[in-house]
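A.B. asks: Turn this into a structure:
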Amino acid sequence: MSAPIIEAQGLGVKFVRNRRRQLRIREMFIHRGGRQPNAGVFWPLRDVSFAVRPGDAVGVIGRNGTGKSTLLRLIAGVLIQDEGKIIVRGKVAPLLELSAGFSNELTGRENVHLVGSLHGLSNSFLKKHFDEIVDFAGDQVSKAIDTPVRHYSSGMKVRLGFSVIARLPHPILLVDEVMAVGDAEFRKKCYVTIDRLLGEGRTLVLVSHNEGDLTRFCNRGLYFEQGKLVTDGTVQDALDAYNGVVRA
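C.D. replies: The predicted structure is shown next:
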């Protein structure tokens, strides 16, 4: 059996609430210049262990605030864990916060080259496939491709970001609620693209609240509650556990 392409071992990450807030003079005297060791600390994920095999399609399920998006950011390397290990054996195509890499002052055309190059696509590849990328993003984006993206709607930015990231040849695909954005035509394009990537043997980790999307794409589910991995089984096992808690 091949080694896991993603492996979490006792994974944990902590955040600090109000960490930018300056202490008042009274608090500085009471706490002698600092805060109590655990004041404001919370763990969106803690003691999480699982393994994902190449070619798996895994749905990450849970209520808002249970660490789903945090997990994707740990896999993508955007966040660094405070406990345990996260081992990723392959490059990642992150379909999350798709407009985050854009520069508002640059045009759509310039941002295609910027974001693509940041993810390892060559200038020659981007030139060759530029028209396909823009066509996929739709007519609105095509008409505004030489306009600074500060004038784009959020939906236009997501469309263009998806069009670029979906071109990456990386073996691991991370998707965070991307298909919840945009109209029916765009969602259909997303479905066709993800079906194609899965058909190529890519590994998918999908965060979604849409049961139809989860059951369509995923053969396995991870259900999280309060930062803990509660269920690791089929996608239906994870959905049943989630729906049981919601009904309760």
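
A.B. asks: Every contact and neighbour count from this point should use C-alpha atoms.
C.D. replies: OK.

A.B. asks: now the strands: where do they sit in the chain?
C.D. replies: Ranges of strands in the chain, per DSSP state E, are 6-16, 41-52, 57-61, 83-88, 92-95, 172-176, 203-207, 220-225, 228-233.

A.B. asks: Sheet-wise, list the partners of the first one with their directions.
C.D. replies: So the one you mean is strand 6-16. Strand 6-16 has its sheet partners listed here by DSSP bridges as strand 41-52 (antiparallel), strand 83-88 (antiparallel).

A.B. asks: Of all the ones you listed, which one is nearest Gly155?
C.D. replies: For Gly155, the closest of those is strand 41-52, at 28.2 Å, according to C-alpha to C-alpha.

A.B. asks: relative to strand 228-233, how tilted is that closest one?
C.D. replies: Going by axes from the mean of the first three to the mean of the last three C-alpha atoms, to 10 degrees, strand 41-52 is angled at 20 degrees with respect to strand 228-233.

A.B. asks: May I have strand 41-52 as CSV, with CA atoms only?
C.D. replies: Presented in CSV, the C-alpha positions along strand 41-52 are these (Å, rounded to 0.1, in the frame of the first residue of the first chain):
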residue,chain,number,x,y,z
VAL,A,41,-6.1,31.2,24.0
PHE,A,42,-8.4,28.8,22.1
TRP,A,43,-7.6,25.7,20.0
PRO,A,44,-9.7,25.5,16.7
LEU,A,45,-8.0,22.1,16.2
ARG,A,46,-6.3,19.8,18.7
ASP,A,47,-5.1,16.2,18.9
VAL,A,48,-6.2,15.5,15.3
SER,A,49,-4.8,12.4,13.6
PHE,A,50,-5.8,10.9,10.2
ALA,A,51,-4.2,9.8,6.9
VAL,A,52,-5.3,10.4,3.3
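
A.B. asks: Contacts for it next, please.
C.D. replies: Contacting residues not belonging to strand 41-52 are listed as 4-17, 58, 65-67, 70-71, 83-84, 226-229, 232 [C-alpha atoms under 8 Å, 6 or more residues apart in numbering].

A.B. asks: what's the closest of the strands of the chain to Ser163?
C.D. replies: strand 92-95 (9.9 Å).

A.B. asks: Please name every helix or strand in contact with the closest one.
C.D. replies: Judged by 3 or more C-alpha pairs under 8 Å, 6 or more residues apart in numbering; DSSP states H and E, the packing partners of strand 92-95 are helix 154-165, strand 172-176.

A.B. asks: mind showing which ranges of the protein have poor pLDDT?
C.D. replies: Within the chain, the segments meeting pLDDT under 70 span 1, 18-39, 98-100, 179-182, 248.
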